[in-house]
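Undergrad: please work out how this folds:
(one chain, ligands or ions: 2)
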Amino acid sequence: MTTSHTPKKLRSQEWFDNPDNPGMTALYLERYLNYGLTRAELQSGKPIIGIAQTGSDLSPCNRHHIELAKRVRDGIIAAGGIPFEFPVHPIQETGKRPGAALDRNLAYLGLVEVLFGYPLDGVVLTIGCDKTTPAMLMGAATVNIPAIALSVGPMLNGWHRGERTGSGTIVWKSREKLTSGEINYDQFMDIVASSAPSVGYCNTMGTATTMNSLAEALGMELPGGAAIPAPYRERGQIAYDTGKRIVDMVWEDLKPSDIMTRAAFENAIVINSAIGGSTNAPIHLNAIARHLDIPLDNDDWQAIGHDVPLLVNLQPAGEYLGEDYHRAGGVPAVVAELMKARKLPHPGALTVNGQSIGTNCENAENLNTDVIKTYDAPLKKKAGFINLKGNLFDSAIMKTSVISEEFRERYLSNPDDPEAFEGIAEVFDGPEDYHHRIDDPKLALNENSILIMRGTGPIGYPGAAEVVNMQPPAYLLKKGIHALPCLGDGRQSGTSGSPSILNASPEAAVNGGLALVRSGDHLRIDLNKGTANILIDDEELQKRKDDLIAAGGYKYPASQTPWQEIQRSMVGQLDEGMVLKPAVKYQRVAQT
Ligand code: FES
Ligand code: MG
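TA: Ligands and ions are numbered 1, 2, ... in the order given. As a prediction, the model looks like this:
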């Protein structure tokens, strides 16, 4: 039911219904009549609602939004609004060279211009594939008109020979088998294809499921909206409800800044640990927060999130997939478990339905405690991130919940020095260098090697590449060494289960500590103390830095497109959300 409302002057009326300026009104109005809209409609005082369409043939993870938008329209019209669907720059995680993350800020900029410059009173943000979610939330944060997110939903579970095959995760697993000769190229392709059985986004707890869950955790989706699989009937139904709800949000003037508060971000950090969320989450949430002028950094992620246990048993950390997550109760069931243990920091935080997250979720049932564990019997304890620091970088994230038993025994079980290890650096300058040299026997890597990937931060590799999780060479895999410690200034796919040290900031390309490491250097990583250091003295380190700068600084490949060059000239580091630095000062621009 539509809530009763007092008519008020809508933002869109400045364009379409401004008798004080008939000339401009006529110009703004007439072209929108040319496909059948009537003047009566556009001057009826009904809210005009944008549908920010991220789906297209180029972005298959979000393509189902083209269908869902029809239900969103129905909902908007039913509630007394007028829908205007418009395209968003596509961001396909798996299809974009050199990497989809480069386009997050481009889509953000585009959305800001559309929301600011056109007669829109509210907007439905169609989210899904990894970077589409933060791009949409960042844009809504900057403009600050009423906004609601609609997830496209995960794909159905993938199956191969009776086993669940999860997006991305199956690639990492099967490429090991391909390398060792256990399966051939065709078998490899078939197994990977089985993980994509329907429309929707990655069915694992990768960056997509993470960011869609966190959009709900932040209060920006209707309750339960994150986990419904794309082809399920409930997905179309919640699309309709989302369209209806945004119209009321316009009348209530419920804006992103009312919902995405510091309290909402603190809730989201706790929920991220409980779901086993991706290491990309701190980048994106820190970015959204910056566009709202809310202080949030990686110390907050460790302080608020590290001790929270892992409840959601999804790949890559666990065994299940998206359909199972939805059937067990999705985000509301996770929140209910946290609330029972009194671990949700702010149950009173407001959400898009006008109620608090606590009210929305307190009675949500956990329908499968094997998929969503109870707080007292979690999958893993302390599932959040550690924020490491030292002479290698000011901040780097490690997801401790994906450390395997094999890895823990080899590196973290010295009783005299728990949670710490030392090793010898092998440095790679970008993914191409790694692929060329990793199998070269001259490197003579062994279990004491630490693989370093640099030149892959926001500036070195525009957008920061997802390449830090490096596979050991075939000769070590054959000896049963499945993971070496990896460290780098790039990112890692959320679908990868490697315990890498990621997102190191500042990156090598701005002559950060990683630019000074040399192969053969001894490194010490101490998870207890939260430190990562090259074991050389400060003088030697300073000398290396002086020499590097004298030689012109760390070298990285030239830009290939105009946007790469533009973004490089103004992008910040991963710990600060990789935002466009000049954009941050533009706050709540629809109100100016
Ligand atoms: Fe699009 Fe994973 S590649 S959601
Ligand atoms: Mg990814």
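Undergrad: mind listing what's buried in the lowest-mean-pLDDT helix or strand in the chain?
TA: Least confident element among the helices and strands of the chain, by mean pLDDT, DSSP states H and E: helix 405-411 (a mean of 85). Within helix 405-411, the residues that qualify as buried by neighbour count (16 or more other C-beta atoms under 10 Å) are 407, 410-411. Bear in mind the C-beta positions are built from the backbone N, C-alpha and C, glycine included.
Undergrad: dump these to TSV, plus distance to ligand 2.
TA: Shown next, in TSV, are these (distance: C-beta to the ion, whole Å):
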residue	distance to ligand 2
407	22
410	27
411	26
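Undergrad: please list which of those residues also come close to ligand 1.
TA: On the criterion C-beta under 6 Å from any ligand atom, none of the entries of the buried residues of helix 405-411 sits beside ligand 1.
Undergrad: can you add distance to residue 296 and give those back as CSV?
TA: Shown next, in CSV, are the buried residues of helix 405-411 (distance: C-beta to C-beta, whole Å):
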residue, distance to residue 296
407, 30
410, 35
411, 31
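Undergrad: and those, which is closest to residue 60?
TA: Residue 60 has its nearest neighbour among these in residue 407, at 33.8 Å by C-beta to C-beta.
Undergrad: now the closest one. Nearest residue, chain neighbours left out?
TA: Closest residue to residue 407 apart from its sequence neighbours, by C-beta to C-beta, 6 or more residues apart in numbering: residue 483 at 5.3 Å.
Undergrad: per-residue pLDDT, that neighbour?
TA: With respect to pLDDT, residue 483 scores 88.
Undergrad: quickly note the distance from it to residue 551.
TA: Computed as C-beta to C-beta, to the nearest Å, the residue 483 to residue 551 distance reads 34 Å.
Undergrad: okay, those two: which has more neighbours?
TA: Neighbours were counted for residue 483 and for residue 551 using other C-beta atoms under 10 Å; residue 483 has more, 24 against 9.
Undergrad: that one contacts residue 499, correct?
TA: Yes: under the criterion of C-beta atoms under 8 Å, residue 483 makes contact with residue 499 at 7.3 Å.
Undergrad: neighbours around the nearest residue to residue 366 once chain neighbours are set aside, how many?
TA: Among residues not flanking residue 366 along the chain, residue 333 sits closest, at 4.3 Å (C-beta to C-beta, 6+ apart). Using other C-beta under 10 Å, residue 333 is surrounded by 26 other residues.
Undergrad: could you do the one 10 residues further on as well?
TA: Number of residues near residue 343 (other C-beta under 10 Å) recorded here: 17.
Undergrad: enumerate every residue touching the closest residue in space to residue 368 that isn't next to it in sequence.
TA: Nearest residue to residue 368 in three dimensions, chain neighbours excluded: residue 328, at 3.9 Å (C-beta to C-beta, 6+ apart). Residue 328 makes contact with 366-369, 371-372, according to C-beta atoms under 8 Å, 6 or more residues apart in numbering.
Undergrad: distance between the ends of stretch 192-210?
TA: Stretch 192-210 has an end-to-end distance of 21 Å (criterion: C-alpha to C-alpha, to the nearest Å).
Undergrad: now that stretch: buried residues?
TA: Counting neighbours by 16+ other C-beta under 10 Å, one finds that the buried residues in stretch 192-210 are 192, 194-196, 198-210.
Undergrad: is residue 213 located within a helix, as I assumed?
TA: Yes: counting by DSSP: H, G, I helix; E, B strand; the rest coil, residue 213 is part of a helix.
Undergrad: coming back round to it: so what sits against both of residue 483 and residue 499?
TA: Taking C-beta under 8 Å, 6+ apart as the contact rule, residue 483 and residue 499 both touch 404, 407.
Undergrad: quick one on the thing from earlier: past the helix or strand where the residue nearest to residue 366 lies, which element shows up next along the chain?
TA: Element membership for residue 333, per DSSP states H and E: helix 330-340. Downstream of helix 330-340, the first helix or strand assigned by DSSP H and E is helix 357-361.
Undergrad: by proximity to ligand 2, which residue of the stretch 201-350 of the chain wins?
TA: The stretch 201-350 of the chain approaches ligand 2 most closely through residue 207 (4.6 Å), counting by C-beta to the ion.
Undergrad: what's that residue sitting at in phi/psi?
TA: phi -70, psi -30 (degrees, to the nearest 10).
Undergrad: tell me the gap between the lengthiest strand in the chain and the middle of its chain.
TA: Ranked by residue count under DSSP state E, the longest strand found in the chain is strand 420-429. In terms of C-alpha atoms, centre = their mean, to the nearest Å, the centre of strand 420-429 is set 28 Å apart from its chain centre.
Undergrad: name the spans of the stretch 451-592 of the chain whose pLDDT lies under the cut-off.
TA: For the stretch 451-592 of the chain, the stretches flagged by pLDDT under 70 are 494-498, 592.
Undergrad: which element is residue 453 on?
TA: Here residue 453 is assigned to strand 449-454, by DSSP H and E.
Undergrad: actually residue 523, sorry about that
TA: Assigned by DSSP H and E, residue 523 falls in strand 522-526.
Undergrad: swap in residue 472?
TA: Here residue 472 is assigned to no helix or strand, by DSSP H and E.
Undergrad: buried residues, stretch 274-292. List them.
TA: Buried residues in stretch 274-292, counted by 16+ other C-beta under 10 Å: 274-292.
Undergrad: stretch 148-155 now?
TA: By neighbour count on 16+ other C-beta under 10 Å, the buried set for stretch 148-155 is 148-155.
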